[in-house]
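K.L.:
After the sequence you'll find the predicted model.
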Amino acid sequence: MKTACYELRSGPTWRDPFPMYAALREQDPLHYCAERDFYVLTRFNDVWEAAGDSATFSSANGLTVNYDEIESTGLGDATPMVFLDPPEHTRFRGLVTKGLTPRKVSTIEPAVRAFVVESLDKARAQGEVDIVTDLFKPLPSFVVAHYLGVPPEDRANFDRWTEAIVQGTATGDPTNAGSAFTDLLSYFAELVERRRGEPADDIVSDLVQLGEDTVSIARILGFAFTMVTGGNDTITGMLSGSACLLTERQDQRAKLLADRSLVANAVEELLRLTSPVQGLARTATRDVEMHGKTIPAGKKVLLGYAAANRDPREFGATAEECDVERKINKILTLSYGTHYCIGAAAARLQARVVLEEMLERCPAFSVDVEAGEYAPGHYVRRHQSLPWRADG
């Protein structure tokens, strides 16, 4: 048997990382990558416990396996909340989550549905499109812009900056986005000032009204950056991956067409299998003993969310297969614990609406799985193009 080994994926090599994950789970659940000096966890319980223990597995030194990540971003006081540990993270999270609760998120559903319907009607009229360009990428950008209070007249620039920053962040360094990085931060600095006198129904306005003694402008900028980088490519990855799965598994699509009440559960299964954020790193704050080995304090540890989400120890012998009726108690797609995704409700809403409308309007849709192209980046598995046909 070939010895299991972890390699960072990007672009075309994202096509099928799952055999690598399976080998690591069975042969080397605490794997050491000597070349880059980091560890990898791939079993569900191990990743779940690490994600829930921010005191031992810290986010303060970044979420990639690069040891100079924080310094290289140059964000300074605008450091995003994803790089904070409790208690600072807990305090700030409490200020922003009220705008992203399931009840609050439900109010945007009509706008999301209208956006999806319009996009699908255009795609259906054309017959064949790149569904990433036409729907799966614009939709999350639309939703993020809504929550940040970006006015409609500014959204063309916002979308352009967002795309550049998402591409730059995929390399582990958002400053690779060039002027888009500084342009976006400058834009939100101006928007913060505007919202002081012209508050609106958005999270930036809510934060501004709290006053700088409660939350600084820099922290608001960091939050905006978190929303842009965390709320865009991940949804694109989930939607494109789901379209592939439902093209390959016509039997599962047939179940959804026959019983639409299964859609909500199907979203959880598709989240589990697509796991757009395939893994993120933490830093061990102390020596940790696992599987007969020691993770030394100060070392990076990659939490393999996607590998864990296919662990048969948690999901049974059919863990690698799509089953829209699977009973799921917990998944790691949106992480767990302190850094559980603040946009989880919005992510589920977008996935559900897209799935409902695509099944309703284009029940025979198909995507060309083999022709789909994956985007660069070591941590998020998403398509940058995916041919889609309305009639299969």
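P.N.:
Yep, that arrived.

K.L.:
contacts, neighbours, all on C-alpha from now
P.N.:
OK.

K.L.:
For beta bridges, what are the partners of Pro387?
P.N.:
Asp130 (DSSP bridges).

K.L.:
which residues touch it?
P.N.:
Glu128, Val129, Asp130, Ile131, Val367, Asp368, Val369, Ala371, Gly372 (Cα atoms under 8 Å, 6 or more residues apart in numbering).

K.L.:
so the last one makes contact with Ser385?
P.N.:
When you say that, I think you mean Gly372. Yes. If you go by Cα atoms under 8 Å, Gly372 and Ser385 touch, sitting 5.7 Å apart.

K.L.:
Please, where are all the strands along this structure?
P.N.:
30-33, 38-41, 57-58, 128-130, 280-284, 288-290, 293-295, 300-303, 366-367, 373-374, 383-385, 387-389 (DSSP state E).

K.L.:
got those as TSV, with mean pLDDT and distance to Leu207 columns?
P.N.:
Below are these laid out as TSV (pLDDT from 0 to 100; distance: least, Cα to Cα, whole Å):
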stretch	mean pLDDT	distance to Leu207
strand 30-33	97	41
strand 38-41	98	36
strand 57-58	98	26
strand 128-130	97	37
strand 280-284	97	28
strand 288-290	97	38
strand 293-295	98	39
strand 300-303	98	31
strand 366-367	98	41
strand 373-374	98	36
strand 383-385	96	33
strand 387-389	98	40
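
K.L.:
quick one on the thing from earlier: just the buried subset of the contacts of Pro387, written out for ChimeraX, thanks.
P.N.:
To isolate the buried subset of the contacts of Pro387 in ChimeraX, counting by 16 or more other Cα atoms under 10 Å, use the following:
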select :128,129,130,131,367,369,372
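
K.L.:
just to revisit the earlier point, among the strands of the chain, which is the most enclosed?
P.N.:
The highest mean neighbour count among those, using mean count of other Cα atoms under 10 Å, belongs to strand 300-303: a mean of 28.

K.L.:
about what we covered before: format the contacts of Pro387 as JSON lines; extra columns: distance to Glu49.
P.N.:
Output for the contacts of Pro387, formatted as JSON lines (distance: Cα to Cα, whole Å):
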{"residue": "Glu128", "distance to Glu49": "44"}
{"residue": "Val129", "distance to Glu49": "42"}
{"residue": "Asp130", "distance to Glu49": "39"}
{"residue": "Ile131", "distance to Glu49": "37"}
{"residue": "Val367", "distance to Glu49": "37"}
{"residue": "Asp368", "distance to Glu49": "38"}
{"residue": "Val369", "distance to Glu49": "34"}
{"residue": "Ala371", "distance to Glu49": "38"}
{"residue": "Gly372", "distance to Glu49": "35"}
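
K.L.:
so how far is Arg326 from Ala344?
P.N.:
Relative to Arg326, Ala344 is positioned 20 Å away (Cα to Cα, to the nearest Å).

K.L.:
Looking at those two now, which is surrounded by more residues?
P.N.:
Ala344 (17 against 14; other Cα atoms under 10 Å).

K.L.:
bridging residues for Tyr374?
P.N.:
His383.

K.L.:
got the contact list for it?
P.N.:
By Cα under 8 Å, 6+ apart, the neighbours of Tyr374 are Ser10, Gly11, Pro12, Trp14, Arg15, Arg381, Arg382, His383, Gln384, Ser385.

K.L.:
Are any of these buried, and if so which?
P.N.:
Ser10, Gly11, Trp14, Arg15, Arg381, Arg382, His383, Gln384, Ser385.

K.L.:
Looking at the residues you listed, which one is closest to Glu35?
P.N.:
Ser10 (17.1 Å; Cα to Cα).

K.L.:
Make sure the closest one is actually in contact with His383.
P.N.:
No. Between Ser10 and His383 there is no contact under Cα under 8 Å: 11.1 Å.

K.L.:
Pull up the overlap in contacts between these two.
P.N.:
Tyr374, Ala375.

K.L.:
and Pro312, how many neighbours does it have?
P.N.:
Neighbours of Pro312 (other Cα under 10 Å): 16.

K.L.:
Grab the nearest non-local neighbour of it.
P.N.:
Ala319 (5.2 Å; Cα to Cα, 6 or more residues apart in numbering).

K.L.:
Make sure the one you found is actually in contact with Ala308.
P.N.:
No. Between Ala319 and Ala308 there is no contact under Cα under 8 Å: 10.0 Å.

K.L.:
Quick check on those two: which one has the bigger neighbour count.
P.N.:
The neighbour comparison of Ala319 against Ala308 (other Cα under 10 Å) goes to Ala308, with 30 against 17.

K.L.:
For Glu356, see how far away that one is.
P.N.:
From Ala308 to Glu356 the distance is 28 Å (Cα to Cα).

K.L.:
Number of residues surrounding the closest residue to His339 other than its chain neighbours?
P.N.:
Spatially, and ignoring its direct neighbours in sequence, His339 is nearest to Val82 (6.9 Å; Cα to Cα, 6+ apart). By other Cα under 10 Å, 20 other residues sit near Val82.

K.L.:
Need the pLDDT of Val82.
P.N.:
pLDDT, Val82: 83.

K.L.:
same check, this time on Asn176
P.N.:
60.

K.L.:
Report the mean confidence score over stretch 92-104.
P.N.:
Rounded mean pLDDT across stretch 92-104 is 83.

K.L.:
Enumerate every residue touching Asn265.
P.N.:
Val324, Glu325, Arg326, Lys327.

K.L.:
same thing but 7 Å
P.N.:
Val324, Glu325 (Cα atoms under 7 Å, 6 or more residues apart in numbering).

K.L.:
ok, so what distance separates it from Leu271?
P.N.:
10 Å.

K.L.:
Ala22 now?
P.N.:
Counting by Cα to Cα - Ala22 and Leu271 are separated by 18 Å.

K.L.:
How about the spatially most central residue of the chain: what's its closest non-neighbour residue?
P.N.:
Computing the C-alpha centroid of the chain and ranking residues by Cα atoms, centre = their mean puts Thr234 first, at 3.1 Å. Excluding the flanking residues, the one nearest Thr234 by Cα to Cα, 6+ apart is Pro276, at 5.2 Å.

K.L.:
helices and strands of this structure: which one has the lowest mean pLDDT?
P.N.:
helix 69-73 (a mean of 70; mean pLDDT, DSSP states H and E).
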